[in-house]
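[1] fold the following.
(one chain, ligands or ions: 1)
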Amino acid sequence: MKELHYDVAVIGGGAAGVAAAISAARNGARTVIVESSSVFGGDLLSGLPIDGCRTTGGEWIVGGVAKELFEACRELNGYVGSIYDRRNICIVMINPRIMSFVIIRKLAEYKVKLLPYSQVVGVDYDDGILKSVEIKNKLQDIRLSADVFIDCSGDGDVCVLCGVPYEMGDSEGLLQPMTMVFQLKNIEPMKLLQFILDHPENCGLAENPNSKKSAKELAQELYDLGYPKAFFSGNGPLMKRAIESGELHSCSMLAFNPNSTDRTVVTVNTTRLVSRDCMTAESLGDSIIALSEQVENAYRFIVKHIPGCQNAVLDGIAPRLGIRESRRIIGEYYLTGQEVADGVKRTDGIAKGGHEIDIHGDKLNHIRATIRNAGSYDIPLGCLIPKGTRNLFLAGRCISADRVAHSSARVMGTCMATGQAVGTAAAICSKEGISTRDISIEQLRRTLKEQGAILEGTN
Ligand SMILES: Cc1cc2nc3c(=O)[nH]c(=O)nc-3n(C[C@H](O)[C@H](O)[C@H](O)COP(=O)(O)OP(=O)(O)OC[C@H]3O[C@@H](n4cnc5c(N)ncnc54)[C@H](O)[C@@H]3O)c2cc1C
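    Numbering: from 1, shown residues only. Have a look, this model is predicted:
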């Protein structure tokens, strides 16, 4: 078995893992990122909108690594823009192909060692200390030791291998649906937007309780912006008819998200498969087949019924199956849905969330609620310290939170913010030779702010 040692080891190369690795390395730690696929960036490469960077009210609440990646995309003409969707969310849109390139360049710039095709399958863990993880890949078994580990595996694999408790799903174990996201090119944005203007009743608009404008006025604003941004609602006449006739699968939404600066490429988020099992290979294989059938039906529906899409070409599916929800690891602090809904601020916050409460259900069910005052809430470091551990952090969608809080904190902007927080914290712990519990929150917050993180001063 090959032996490797780093100051900081990040497991998982999604939105959280990339931000964690960049931040650890920037703060002087020799850093490695271990990823079971060959792709670094996770859903940042899916074409989905990056939520949680701005509040519903429009304030930026995530800066730092996220903003640097957006700026690097912009330099390569891959930053589409930050748009208020006239529903309830301020999104950031990028070209995912450019983002995939930008992420690799950033990891390389900070000299992060990449271990692709490498799956963590075991741990040497005792009395709160994770000494090493065991990695399997094609040709090698690796024992990787580190001063500090960060679990960014999305499913909290490392924490679970260490025996940290977790929760999953609702009281009956039901999870948010899985989705296969797909891309369309050759969209004619102004025809699409004219259709929304003529038929706002088909769309989710005017859901922000702080906005006094009508759906029609907001459709006009979307038209004036000119981005192919649309949110067709499952309860609107267009989708409802198609769902009832069996032309379309049952789903609460069909969302178009712009992915190119020429405004002709969109990512579509609509397919849905509810399951209790999002981790076994057999179940995932079946899900891929079932969702690909939905992609084809949705594509046919869009071309036939949505103006501006008559010449749309199916331009591929996202690099991986979309899993919204799996384990929530129990940490030293447990964030509740009430704190999220109330927009609770804390003097020890190390990241902010601001995405709405957003629980996709089966069929047309979808729970959505704005954060108080269309603002943000603070996340303390305790949510990122797995219970009972002393040299392990976690970040991303598996942070310590109840299901309602998770439905907000799972979005990519917040994942990058928690990733940056623990990457920075891990570098400090490694440098000072201290446990994750002994870090000075004041020093961590100061360092994060110096490096662009937004921790206070917002609604
Ligand atoms: C269909 C769908 C739509 C969504 N829509 C939006 C949206 O519009 N806006 C938004 O902001 N967010 C959205 N989200 C949520 C968001 O995309 C994810 O919650 C977020 O990207 C999770 O990031 P992460 O880094 O925590 O985890 P992941 O992206 O899951 O990354 C974890 C990484 O770890 C790797 N890994 C896992 N286990 C191991 C192991 N044992 N060893 C090594 N590597 C491992 C995986 O391969 C993966 O690359 C959506 C999610 C889905 C599925």
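[2] got the domain ranges for this structure?
    What automatic domain parsing lists as the domains of the chain is 2-169+325-450, 178-323.
[3] so does the shortest one get close to the ligand?
    Yes: applying Cβ under 6 Å from any ligand atom, one finds domain 178-323 touching the ligand at 179, 181, 269, 322, 323. Every residue, glycine included, has its C-beta placed from N, CA and C.
[4] contact partners for the residue nearest to residue 353 when sequence neighbours are not counted?
    Closest residue to residue 353 apart from its sequence neighbours, by Cβ to Cβ, 6 or more residues apart in numbering: residue 414 at 4.4 Å. Residue 414 makes contact with 52, 62, 351, 352, 353, 354, 355, 379, 408, according to Cβ atoms under 8 Å, 6 or more residues apart in numbering.
[5] also near the ligand: which of these, exactly?
    Within those, those near the ligand by Cβ under 6 Å from any ligand atom are residue 52.
[6] tell me the contacts of the residue of the stretch 301-450 of the chain found nearest the ligand?
    Of all residues in the stretch 301-450 of the chain, residue 396 sits closest to the ligand, at 2.2 Å by Cβ to the nearest ligand atom. Shown in contact with residue 396 (Cβ under 8 Å, 6+ apart): 12, 14, 15, 16, 17, 152, 154, 415, 418, 419.
[7] what residues does the nearest residue to residue 78 once chain neighbours are set aside make contact with?
    Nearest non-adjacent residue to residue 78, counting by Cβ to Cβ, 6+ apart: residue 98, 2.8 Å away. Residues in contact with residue 98, defined by Cβ under 8 Å, 6+ apart, are 73, 76, 77, 78.
[8] residue closest to the middle of this structure?
    residue 412 (2.7 Å; Cα atoms, centre = their mean).
[9] taking the stretch 151-300 of the chain, what residue is nearest to the ligand?
    For the stretch 151-300 of the chain, Cβ to the nearest ligand atom, closest residue to the ligand: residue 154, 2.6 Å.
[10] check contacts around that residue.
    Counting by Cβ under 8 Å, 6+ apart, residue 154 has contacts 12, 14, 16, 42, 323, 326, 396, 397, 398.
[11] got the CA coordinates for the one helix or strand the residue nearest to residue 78 maps to in CSV?
    In this structure, residue 98 sits in helix 96-109 according to DSSP states H and E. Provided in CSV are the C-alpha atoms of helix 96-109 (Å, rounded to 0.1, in the frame of the first residue of the first chain):
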residue,chain,number,x,y,z
PRO,A,96,-20.3,25.2,-17.0
ARG,A,97,-17.8,24.1,-19.6
ILE,A,98,-15.7,27.2,-18.8
MET,A,99,-16.2,26.6,-15.1
SER,A,100,-14.8,23.1,-15.3
PHE,A,101,-11.6,24.6,-16.9
VAL,A,102,-11.4,27.4,-14.4
ILE,A,103,-11.6,25.1,-11.4
ILE,A,104,-8.7,23.0,-12.6
ARG,A,105,-6.6,26.1,-13.2
LYS,A,106,-7.3,27.4,-9.7
LEU,A,107,-6.5,24.1,-8.0
ALA,A,108,-3.3,24.0,-10.0
GLU,A,109,-2.4,27.7,-9.2
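[12] can you map out the helices along the stretch 1-150 of the chain?
    15-26, 64-75, 96-109 (DSSP state H, counting those that start in this stretch).
[13] going along the chain, name the strands of the stretch 251-400 of the chain.
    253-258, 266-269, 313-317, 322-323, 327-329, 349-353, 357-360, 366-369, 377-380, 392-394 (DSSP state E, counting those that start in this stretch).
[14] mind putting the ones you listed into a markdown table with mean pLDDT and mean neighbour count?
    Formatted as a markdown table, the strands of the stretch 251-400 of the chain follow (pLDDT from 0 to 100; neighbours: other Cβ atoms under 10 Å):
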| stretch | mean pLDDT | mean neighbour count |
| --- | --- | --- |
| strand 253-258 | 96 | 25 |
| strand 266-269 | 98 | 26 |
| strand 313-317 | 96 | 16 |
| strand 322-323 | 94 | 21 |
| strand 327-329 | 98 | 24 |
| strand 349-353 | 98 | 28 |
| strand 357-360 | 95 | 20 |
| strand 366-369 | 91 | 16 |
| strand 377-380 | 98 | 24 |
| strand 392-394 | 98 | 30 |
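[15] quick one: which of those is nearest residue 116?
    For residue 116, the closest of those is strand 322-323, at 19.6 Å, according to Cβ to Cβ.
[16] sheet partners, orientation included, of the closest one?
    strand 178-179 (antiparallel) (DSSP bridges).
[17] hey, C-alpha coordinates of the helix or strand following the partner strand in PDB?
    Next along the chain after strand 178-179, taking DSSP H and E as the criterion, comes strand 182-185. Only the C-alpha atoms of strand 182-185 are listed here, as PDB (Å, rounded to 0.1, in the frame of the first residue of the first chain):
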ATOM      1  CA  PHE A 182     -30.000  18.500 -19.500                       C
ATOM      2  CA  GLN A 183     -28.900  21.200 -21.800                       C
ATOM      3  CA  LEU A 184     -30.600  22.700 -24.900                       C
ATOM      4  CA  LYS A 185     -28.900  25.000 -27.500                       C
END
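[18] strands paired with strand 182-185, and their directions?
    strand 266-269 (antiparallel), strand 313-317 (antiparallel).
[19] pull the number of nearby residues for the residue nearest to residue 141 when sequence neighbours are not counted.
    Closest residue in space to residue 141, ignoring its immediate chain neighbours: residue 1 at 4.7 Å, by Cβ to Cβ, 6+ apart. By other Cβ atoms under 10 Å, 8 other residues sit near residue 1.
[20] enumerate the residues of the stretch 51-200 of the chain near the ligand.
    So the stretch 51-200 of the chain meets the ligand at 51, 52, 119, 120, 152, 153, 154, 155, 157, 179, 181 (Cβ under 6 Å from any ligand atom).
[21] and the second one, what does it touch?
    For residue 52, the contacting residues are 61-62, 353-355, 408-409, 411-415, 417, by Cβ under 8 Å, 6+ apart.
[22] could you redo the last one with a cut-off of 10 Å?
    Counting by Cβ atoms under 10 Å, 6 or more residues apart in numbering, residue 52 touches 15, 61-62, 66, 89-92, 351-356, 376, 408-417.
[23] equivalent analysis for the third one, please.
    Contacts for residue 119 were tallied using Cβ under 10 Å, 6+ apart; they are 11, 34, 35, 36, 37, 133, 134, 135, 136, 137, 153, 157.
[24] which one of those residues is nearest residue 302?
    residue 37 (28.8 Å).
[25] and the closest one, how many neighbours?
    If we define neighbours as other Cβ under 10 Å, then residue 37 has 15 of them.
[26] so what's the backbone phi/psi at it?
    Phi and psi for residue 37, reported as degrees, to the nearest 10, are phi -100, psi -160.
[27] can I take it that residue 218 is in a helix?
    Yes: checked against DSSP: H, G, I helix; E, B strand; the rest coil, residue 218 lies within a helix.
[28] all good on my end, thank you.
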